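>>> my questions are about this predicted structure, shown below with the sequence.
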Amino acid sequence: MTNGNGAPVEQAPPQLNVLAQYTKDLSFENPNAPASLGPQQQQPAINIQINVSANNLAENEYEVVLSIEGKAEGGGKVMFSFDLAYAGVFRIVNVPKENLHPLVMIECPRLLFPFAREIVATAVRDGGFPPLMLDPVDFVGLYRQNMERQAAAQAASGAKPS
């Protein structure tokens, strides 16, 4: 790119700014308390689901929501369950259009995750259990899975029955 006199124009560097972070929704259930709070004979089975969604708020601003759901079961009973929607508003400028979607769906939730992890650990601890420390999340892998799922769904909806 030149400025009309033939001199190159400097491209502004990409920027990613966190404008806000907040708990959008948090639910913790301990349905069998106080019976579930006694000493455990076995380690509970813990199931965790993580999803990412994004909304375009303004020209360069995006709300990204990291949703984490979890349930711990032991002895055929639910010990606890939680549902967290933790969000951030990000301003992204000077990023090529082809890089924007991966940046929003991978880097933004990666920035939110440590805060969401702490909220989950605290909620579980406040519910009477040892804090649940979530393992790090592979947001690149999660992004690829979601893109493959979307591509498969589009192929299935576009396919004609034989």
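Yes, it's here.

>>> show me what the longest strand belonging to the chain is packed against.
Across the chain, the longest stretch assigned as strand under DSSP state E is strand 77-93. Judged by 3 or more CB pairs under 8 Å, 6 or more residues apart in numbering; DSSP states H and E, strand 77-93 is in contact with strand 15-29, strand 61-74, helix 108-126. To be clear about C-beta, it is placed using only N, CA and C from the backbone, and glycine gets the same treatment.

>>> could you export the ones you listed as CSV, including mean pLDDT and mean neighbour count?
Below are these laid out as CSV (pLDDT from 0 to 100; neighbours: other CB atoms under 10 Å):
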stretch, mean pLDDT, mean neighbour count
strand 15-29, 97, 13
strand 61-74, 96, 19
helix 108-126, 97, 18
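
>>> what residue ranges in the chain score low on pLDDT?
Within the chain, the segments meeting pLDDT under 70 span 1-10, 40-41, 159-162.

>>> for the residue nearest to residue 112 when sequence neighbours are not counted, give me its contacts.
Leaving aside its sequence neighbours, residue 112 sits nearest to residue 66 (CB to CB, 6 or more residues apart in numbering; 4.7 Å). Counting by CB atoms under 8 Å, 6 or more residues apart in numbering, residue 66 touches 50-52, 84-87, 109, 112-113, 116.

>>> circling back to that earlier point, what lines up beside the longest strand of the chain in the sheet?
Sheet pairing here is set by DSSP bridges, and for strand 77-93 it gives strand 15-29 (antiparallel), strand 61-74 (antiparallel).
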